[in-house]
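J.: model this:
(one chain, ligands or ions: 1)
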Amino acid sequence: MSLLLSPFQTLIKARTGLMLEDANSIDKLASSIQVGMELECIHSPERYLAQLTENQQSFQALINRLTINETYFFREPEQIDLLVDVFIPQWQHQFGGRPIRILSAGCSSGEEPYSIVMALIERFGEAALSGFNVVGADIDSQVLAKAMKARYNEFSFRGVSVDRRHRFFDRIGDAFQLKETIRQQVAFKELNLFAPMQSPELREFDVIFFRNVSIYFDTPTRKTIQQNLSQMLTDQGVLMIGTAETLANDLGVLRLVERNGLFYFSKLSAKADGVVVPNLSKQANKLSANLVTEEQHKVPPKPLRPLAILADKQKLIHLLAEKQYDQAFPLAEALLIATPQDHQTRLLKAFILMNRKQWEAAEALLMQALQQDDWCLDALVLLGLLAKWQGRIEQAIEWFKKAVYAHSDRWLVHYYLADSYYRQQQSPLALRGFKTALQLMDKHPELSDLRWVPLDFSMAEMRFLCQHHIQKLTAQGKDASHGN
Ligand SMILES: C[S@@+](CC[C@H](N)C(=O)[O-])C[C@H]1O[C@@H](n2cnc3c(N)ncnc32)[C@H](O)[C@@H]1O
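T.: As a prediction, this is how the structure comes out:
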């Protein structure tokens with residue numbers, strides 16, 4: 001199926017503000033559209049586009065497949081500390097007993113609002129909880145269902161001590177169930193931050209956490225969303241933005257204030273208790289266009305201290321998991337200068353370049369990675385994807401074949417190879433590949449990810465596509481044999 005994506009990108013941006021322009025997002029959009037069409041038994045992209053335009057349920061299902069929900073408990077805890085240690089004691093004094101209202105906007109699977117509740121309990125005790133209303137809101141209805149369930153795996157506990165986990169969660173097999181008293185403290189709501197009118201329940205907040213969400217929008221969209229958020233705040237309310245996003249959100253809608261070394265935004269009309277920072281919107285516009293300019297590239301990155309390398313590599317992986325390729329790029333460059341032989345950094349940088357569509361530079365790095373390790377899974381898969389994203393399917397097949405040869409227990413490589421054969425209409429090979437991928441998904445679901453690079457895909461969607469293609473190709477095969 002050859003698919004013109006721009007009308008889909010336009011519709012999604014117009015309704016949600018989400019920009020889907022890097023190579024990985026484009027790939028994900030194409031496969032999500034394919035899944036949507038299969039699920040709704042629609043055979044033409046034009047008809048599916050019309051369906052998305054007219055039918056909110058179809059549109060919502062597509063959005064659920066496209067959002068990035070990366071999060072974990074007590075992420076950037078300093079801002080939660082600022083809330084419980086500084087703002088709340090002050091507000092409790094000022095508000096004369098009325099509940100303090102807290103919103104996590106773009107709450108994903110709930111780790112952020114639940115972390116706030118845990119911090120409130122630790123600071124003020126469980127009995128004080130009636131003095132707070134905590135709400136979590138997100139555009140993705142599926143991730144909200146997960147938030148309400150409040151059952152998490154290891155991955156959500158990157159920022160949590162064992163003590164805390166033990167205090168607030170019950171272990172159930174490999175998972176951790178949040179205790180009921182905490183689960184009940186957060187109300188979850190569906191919310192599109194880009195839409196103008198919000199329900200009355202989503203107003204009058206004293207603090208809104210809006211962290212690691214603005215990165216998916218361009219500057220005009222950020223401005224619109226900030227105006228919407230401003231209307232959801234009380235006159236004295238504050239907006240907490242992720243530390244790395246501060247500059248790109250200083251857009252003249254709210255005022256940037258610094259307190260205890262941390263930044264937040266408040267309404268222009270409000271009296272600020274911290275130090276008001278002069279407007280930085282000029283620089284913000286430059287940065288938040290999500291472009292690192294050529295001039296910036298020419299500045300040689302600062303050398304890194306050895307101790308910083310590990311932490312920066314973690315940061316780089318997070319940035320990639322959140323698709324912040326332009327922010328990740330200078331960090332990858334600096335890391336590769338500091339550790340030129342580091343295989344993982346080379347692969348991560350190649351992945352960034354691929355997403356910025358700098359194909360040749362990405363390919364050169366991946367070939368170097370293969371020289372370091374002839375059968376590196378990540379390098380082979382990335383080379384296959386690099387060819388696929390450029391529409392060079394025959395070349396993609398060659399790389400995926402090598403990956404299958406060297407890593408035959410990985411369902412992902414069988415899936416990619418089968419998908420490439422399918423695009424080439426090599427039906428018997430595609431059918432065999434999809435069947436193998438499906439068997440391996442059941443046998444070795446744990447062998448899902450690449451080793452070094454955080455590739456964003458959904459096993460559930462790939463399973464669905466395998467099943468669907470197997471059905472279709474089998475039926476085609478039967479028709480062909482009847483026709484003979
Ligand atoms: C990376 S997560 C951030 C989670 C959490 N705030 C944190 O910092 O860990 C971004 C979330 O923003 C949500 N989102 C994206 N666009 C949105 C919109 N227009 N309205 C509401 N939520 C949106 C996504 O569904 C996703 O769950």
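J.: what about the stretch 301-450 of the chain, any weak spots by pLDDT?
T.: 301-307 (pLDDT under 70).
J.: Close to the ligand: what parts of the chain are there?
T.: By CB under 6 Å from any ligand atom, the residues of the chain that approach the ligand are 16-18, 67-71, 75, 106-108, 112, 138-140, 143, 191-194, 211-213, 216, 322. (Each C-beta comes from the backbone N, C-alpha and C, glycine too.)
J.: Filter those residues down to the ones in strands?
T.: Under the assignment DSSP state E, the residues of the chain next to the ligand contribute Asp138 to strands.
J.: Give the buried subset of the residues of the chain next to the ligand as a ChimeraX selection command.
T.: Buried residues among those (16 or more other CB atoms under 10 Å), as a ChimeraX selection:
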select :16,17,18,67,68,69,70,71,75,106,107,108,112,138,139,140,143,191,192,193,194,211,212,213,216,322
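J.: Return the set of buried residues in stretch 113-127.
T.: Buried residues in stretch 113-127, counting neighbours by 16+ other CB under 10 Å, are found at 113-121, 124.
J.: Go through these and name the one nearest Leu347.
T.: Of all the buried residues of stretch 113-127, Leu347 sits closest to Ser115, with 31.6 Å by CB to CB.
J.: Surely that closest one is in contact with Gln79?
T.: No: using CB atoms under 8 Å, Ser115 makes no contact with Gln79, being 10.4 Å away.
J.: Tell me the confidence at the nearest residue to Val276 once chain neighbours are set aside?
T.: Among residues not flanking Val276 along the chain, Val257 sits closest, at 5.6 Å (CB to CB, 6 or more residues apart in numbering). Reported pLDDT at Val257 in the predicted model: 91.
J.: for whatever helix or strand Val257 lives in, which positions count as buried?
T.: Element membership for Val257 (DSSP states H and E) is strand 255-259. Within strand 255-259, the residues that count as buried by 16+ other CB under 10 Å are 255-257, 259.
J.: closest to Ser458 among those?
T.: Using CB to CB, the buried residues of strand 255-259 come closest to Ser458 at Leu256, 37.1 Å.
J.: ok, the closest one to Val404 distance?
T.: 52 Å (CB to CB, to the nearest Å).
J.: what's around Leu310, how many residues?
T.: Close neighbours of Leu310, defined as other CB atoms under 10 Å, add up to 9.
J.: what does the host helix or strand of it contact?
T.: In the assignment (DSSP H and E), Leu310 maps to helix 306-321. With contact meaning CB atoms under 8 Å, 6 or more residues apart in numbering, helix 306-321 is reached by 68, 70, 304, 325, 327-328, 331-332, 334-335, 338-339, 344-345, 348, 351-352, 453-454, 456.
J.: just to revisit the earlier point, make a markdown table from the buried residues of stretch 113-127 and add pLDDT to it.
T.: Listed next are those as a markdown table, based on pLDDT from 0 to 100:
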| residue | pLDDT |
| --- | --- |
| Pro113 | 98 |
| Tyr114 | 98 |
| Ser115 | 97 |
| Ile116 | 98 |
| Val117 | 98 |
| Met118 | 97 |
| Ala119 | 97 |
| Leu120 | 97 |
| Ile121 | 97 |
| Phe124 | 95 |
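J.: now the helices for the stretch 1-150 of the chain?
T.: All helices of the stretch 1-150 of the chain, identified by DSSP state H, counting those that start in this stretch, fall at 6-16, 23-39, 45-54, 56-66, 77-81, 88-95, 111-124, 141-149.
J.: Tell me which of the ones you listed sits nearest to Asp250.
T.: helix 77-81 (16.4 Å).
J.: tell me what that closest one is packed against?
T.: helix 111-124, strand 262-266 (3 or more CB pairs under 8 Å, 6 or more residues apart in numbering; DSSP states H and E).
J.: which parts of that helix are buried?
T.: Applying 16+ other CB under 10 Å to helix 77-81 flags 79-80 as buried.
J.: Please state the offset of that helix from the chain centre?
T.: Taking CA atoms, centre = their mean, to the nearest Å, one finds helix 77-81 lying 21 Å from the centre of the chain it belongs to.
J.: Then stretch 72-80?
T.: That offset, for stretch 72-80, works out to 17 Å (CA atoms, centre = their mean).
J.: per-residue pLDDT, Ala150?
T.: 98.
J.: Which members of the contacts of helix 306-321 are classed as buried?
T.: 68, 70, 304, 325, 327-328, 331-332, 334-335, 338-339, 344-345, 348, 351-352, 453-454.
J.: In helices, which of the residues you listed fall?
T.: Within the buried ones among the contacts of helix 306-321, residues falling in helices by DSSP state H are 325, 327-328, 331-332, 334-335, 338, 344-345, 348, 351-352.
J.: ok, the residues you listed vs Glu154, which is closest?
T.: For these, the nearest to Glu154 is Gln344 (20.7 Å; CB to CB).
J.: doesn't Gln51 make contact with Ile42?
T.: Yes: counting by CB under 8 Å, Ile42 touches Gln51, with 6.1 Å between them.
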